[in-house]
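1. sequence below, structure please.
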Amino acid sequence: MYKQIPASVHAALWAIICLLVACDKNALNEYSGSYKPGEEHIAGNISDIIYIQTNNYQKGQNAIIGYRVYQDGHPVLMKEGPFYTGGAGIPNSENAGSFNSDQEVRLSNDKRFLLTVNSGDNTISVFAIQSDGTLKLVPGAPFPSGGETPVSIDIWQQYVIVLNKSNHPVLPSSSAPNYSVFALRGDGSLQQVSKFEVRDGISPGQVFVSRTGAFVYGTNAWGFDYVPPAVRMNLFSIGSDGVLKAGHDAPAFEADLPGALGLCQSWRQNVLYVAFPFSAQFSFYDMNTSTGALTHAGNAYARPGCSRFCSNNMNNQLFTANTIDNSVSMFDITNARSPRKTAELTLKQSGPSYNGYFGTYTTSQCVSLATSSNDQLLYVVSQHANLDSNLANYNYLHVLRIVEGFGLQEWDEPVQLPVPNTLRPRGLAVLKMN
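-> Residues are numbered from 1 along each chain as shown. Okay, here's the model as predicted:
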């Protein structure tokens with residue numbers, strides 16, 4: 001069991017360590033948490049690099065920030081960054097809520113490239129990943145997204161599928177939402193090959209590619225709020241030429257589960273999980289591997305604002321980001337059709353509560369999550385969603401321990417992200433090192 005070290009003892013130990021390693025206090029950085037740039041040698045080997053989008057809305061100032069995570073679980077901000085996308089994110093406003101998108105940052109399947117959306121200027125940035133994990137914008141980037149307000153990316157074979165939400169928080173849209181497909185070339189450039197428009201006004205939030213078939217799914221986060229309401233997901237097949245075709249109609253959502261966002265798959269048992277951020281529930285569906293059709297198999301309870309998912313690499317645990325109260329739930333999905341909750345944890349530094357669209361929200365709200373490459377850690381990004389800029393900064397990176405028999409534990413204080421509280425960082429991609 002983790003125990004808090006008394007401050008006096010901690011200070012004495014720190015002084016001894018500094019003498020032993022001749023640490024330079026001038027190298028300390030307020031954004032790097034307990035372990036700072038210049039102190040890498042006391043943390044062991046690097047296990048992961050994690051990438052987060054700053055979502056800066058100023059022209060050309062959107063960026064990716066990176067953290068090197070050491071084997072003891074401590075993240076250290078990459079001094080070589082930030083890595084500018086050349087594009088723009090979206091401005092902070094009441095309409096730029098925490099339930100608008102997921103999977104804004106994505107690694108290519110071969111881990112050579114990192115892709116991210118620039119929702120503010122309708123572009124996609126592609127970075128070449130260097131051997132040390134630093135990023136280099138590929139020639140020609142950023143590339144047009146094929147529509148307006150791109151918010152989500154997934155990849156099937158050599159094709160990149162971009163979801164264009166066409167619902168900017170402060171600017172009117174001139175086109176319907178669409179799913180644009182691009183060929184990812186060997187040099188990292190994107191060439192558009194197809195586009196599929198969907199109904200205007202449904203505000204789609206995530207695109208997801210099946211891991212067991214040539215099928216693409218999309219959720220409509222705010223579709224329930226339009227007339228007529230969007231009460232089901234979009235479903236497509238994708239051909240070897242990258243062309244999307246309409247698939248079977250997905251089952252209609254239950255009336256008390258408005259608006260779907262996060263998607264995740266049990267690829268071992270062909271079950272699709274769908275999160276409903278305006279409730280505390282998610283649903284799960286059997287996936288037909290021949291047609292992509294979905295059959296509703298049941299519901300499970302997480303906590304308020306159940307909005308995004310990730311699974312571990314073994315695909316036997318499922319994690320939900322519960323955005324409204326800044327918490328995380330963990331489920332055993334060994335039996336994918338009977339998810340069993342095994343842990344839940346309210347994240348540290350959630351900030352003061354305020355009244356939102358669906359009740360009371362915490363100022364800091366979790367919006368992205370991913371497991372470490374060794375399945376021992378869970379990384380979570382929480383953004384400062386409260387519009388009161390007079391508050392302290394609640395943009396954080398949390399590193400949780402996944403402890404067998406004890407569930408989720410947050411041993412250390414979260415790391416404050418190096419962005420002001422007027423920006424809403426989002427997206428999370430994990431690169432395995434060594």
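
2. Y396 touches A385, doesn't it?
-> No - at 11.9 Å, Y396 does not count as touching A385 under the criterion of CB atoms under 8 Å. C-beta coordinates here come from the backbone N, C-alpha and C atoms, glycine included.

3. tell me, what's touching these two both at once?
-> When contacts are counted by CB atoms under 8 Å, 6 or more residues apart in numbering, the set common to Y396 and A385 consists of S364.

4. identify the residues contacting L347.
-> By CB under 8 Å, 6+ apart, the contact set of L347 is N326, S327, V328, S364, C366, V380, S382, Y396, H398, E410, P414.

5. tell me the pLDDT of it.
-> Per-residue confidence (pLDDT) for L347: 98.

6. can you check A343 too?
-> Taking A343 on its own, its pLDDT is 97.

7. run a quick neighbour tally on it.
-> Using other CB atoms under 10 Å, A343 has 18 other residues around it.

8. could you do the one 10 residues further on as well?
-> Neighbours of S353 under the rule other CB under 10 Å: 13.

9. same check on T85?
-> Quick note: T85 (other CB under 10 Å) scores 28 neighbours.

10. so it touches D121, yeah?
-> No - using CB under 8 Å, T85 makes no contact with D121, being 9.7 Å away.

11. which neighbours do the two have in common?
-> Residues touching both T85 and D121 by CB under 8 Å, 6+ apart: P142.

12. centroid residue for this structure?
-> Centroid check for the chain by CA atoms, centre = their mean gives S368 as the closest residue, at 3.2 Å.

13. surely that residue and V381 touch.
-> Yes - judged on CB under 8 Å, S368 makes contact with V381 at a distance of 4.2 Å.

14. pull up the overlap in contacts between these two.
-> Common contacts of S368 and V381, defined by CB under 8 Å, 6+ apart, comprise I52, R426, G427, L428.

15. so what pLDDT did the third one get?
-> Pointing back at G427 there. At G427, pLDDT is 98.

16. next up, phi/psi of it, please.
-> phi 80, psi 150 (degrees, to the nearest 10).

17. D154 versus S210, what's the distance?
-> 10 Å (CB to CB, to the nearest Å).

18. overlap in contacts of those two?
-> Contacts common to S210 and D154, judged by CB under 8 Å, 6+ apart, are V216.

19. avg pLDDT for stretch 211-228?
-> The model assigns stretch 211-228 a mean pLDDT of 91.

20. next, the distance between the ends of that stretch.
-> Stretch 211-228 stretches 32 Å from its first residue to its last (CA to CA, to the nearest Å).

21. same thing with stretch 288-301?
-> 24 Å.

22. buried residues in that stretch?
-> Neighbour-count burial for stretch 288-301, counted by 16 or more other CB atoms under 10 Å, picks out G292, A293, L294, A300.

23. and what of stretch 421-434?
-> Quick answer for stretch 421-434 (16+ other CB under 10 Å): N421, L423, R424, P425, R426, G427, L428, A429, V430, L431, M433.

24. now render the residues you listed as a markdown table, adding secondary structure and distance to F406.
-> A markdown table is the format used below for those (DSSP: H, G, I helix; E, B strand; the rest coil; distance: CB to CB, whole Å):
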| residue | secondary structure | distance to F406 |
| --- | --- | --- |
| N421 | coil | 33 |
| L423 | coil | 34 |
| R424 | coil | 32 |
| P425 | coil | 29 |
| R426 | strand | 29 |
| G427 | strand | 29 |
| L428 | strand | 24 |
| A429 | strand | 28 |
| V430 | strand | 23 |
| L431 | strand | 28 |
| M433 | coil | 27 |
